[in-house]
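# 3D model of this:
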Amino acid sequence: MKATRTTRRELLGAGMVTFAGAAGLSGQARGQAPGTSGATTEQIVRRFYKTWEQRAWGPFDVLLAENFTFTSANDDDHISKDTFKSRCWESQKDFIHHFDIERLFSRGNEAFVKYLCHTTNGKTFRNVEYVRTRGGRVEAIECYFGGHSSFPSAVSAGKS
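Presented below is the predicted three-dimensional model:
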């Protein structure tokens with residue numbers, strides 16, 4: 001009987017097919033987020049902001065823990081993942097073009113991120129966010145942004 005050899009390229013291709021298939025599964029069947037097991041908090045946070053640019057909920061949902069909460073000064077007090085999707089994701093996904101992460105400090109499962117967000121209408125705003133991860137996923141975000149006269153943001157400019 002002849003032994004079959006598998007190249008690294010073939011293994012990588014098989015892994016990508018597996019990842020693509022897993023990304024399409026429902027949250028209950030998915031288990032741990034594909035590609036995030038063993039990832040550092042910094043890697044998870046960077047992936048979170050990069051995934052916004054895809055404008056597709058499936059890959060984004062994979063990064064969020066089932067018990068995910070979001071908090072901001074815009075009347076968002078530990079809102080659930082479902083509320084975050086309808087209130088924040090749906091209203092902002094087509095407005096956000098991309099993020100430039102200016103500062104990212106992480107320790108353990110926590111991080112502070114300062115980013116410059118570029119909007120689809122050519123404007124920018126900055127936010128600072130505290131991010132907590134668990135099990136390779138984003139568990140909580142607290143977003144801090146300025147008021148009308150002190151710090152440009154999508155919310156303060158009436159663009160959200």
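# Going by C-alpha atoms from here, please, whenever you check contacts or count neighbours.
Fine.
# Look up the closest residue to residue 104, ignoring the ones flanking it.
Beyond its immediate neighbours in the sequence, the residue positioned closest to residue 104 (Cα to Cα, 6 or more residues apart in numbering) is residue 113, lying 4.5 Å away.
# just residue 124 next, same as before
residue 118 (4.6 Å).
# can I assume the one you found is in contact with residue 98?
Yes - shown here, residue 118 and residue 98 form a contact pair, counting by Cα atoms under 8 Å, at 5.3 Å.
# thinking again about what came up before, give me the beta-bridge partners of the residue nearest to residue 104?
Here residue 113 sits in beta bridges with residue 104, residue 129, as judged by DSSP bridges.
# what is the mean pLDDT for stretch 142-156?
What stretch 142-156 shows for mean pLDDT is 60.
# and residue 136, how many neighbours?
By other Cα atoms under 10 Å, 24 other residues sit near residue 136.
# looking at this, residue 139 is in a helix?
No - with DSSP: H, G, I helix; E, B strand; the rest coil as the criterion, residue 139 is located in strand rather than a helix.
# isn't it right next to residue 71, touching?
No - in terms of Cα under 8 Å, residue 139 does not count as a neighbour of residue 71; the distance is 11.6 Å.
# For the chain, just list every one of the strands.
Secondary structure of the chain by DSSP state E: the strands cover 64-72, 76-79, 96-107, 110-119, 124-134, 137-144.
# which one of the ones you listed is the most hemmed in?
Mean neighbours per residue, mean count of other Cα atoms under 10 Å, is largest over these for strand 137-144, with a mean of 21.
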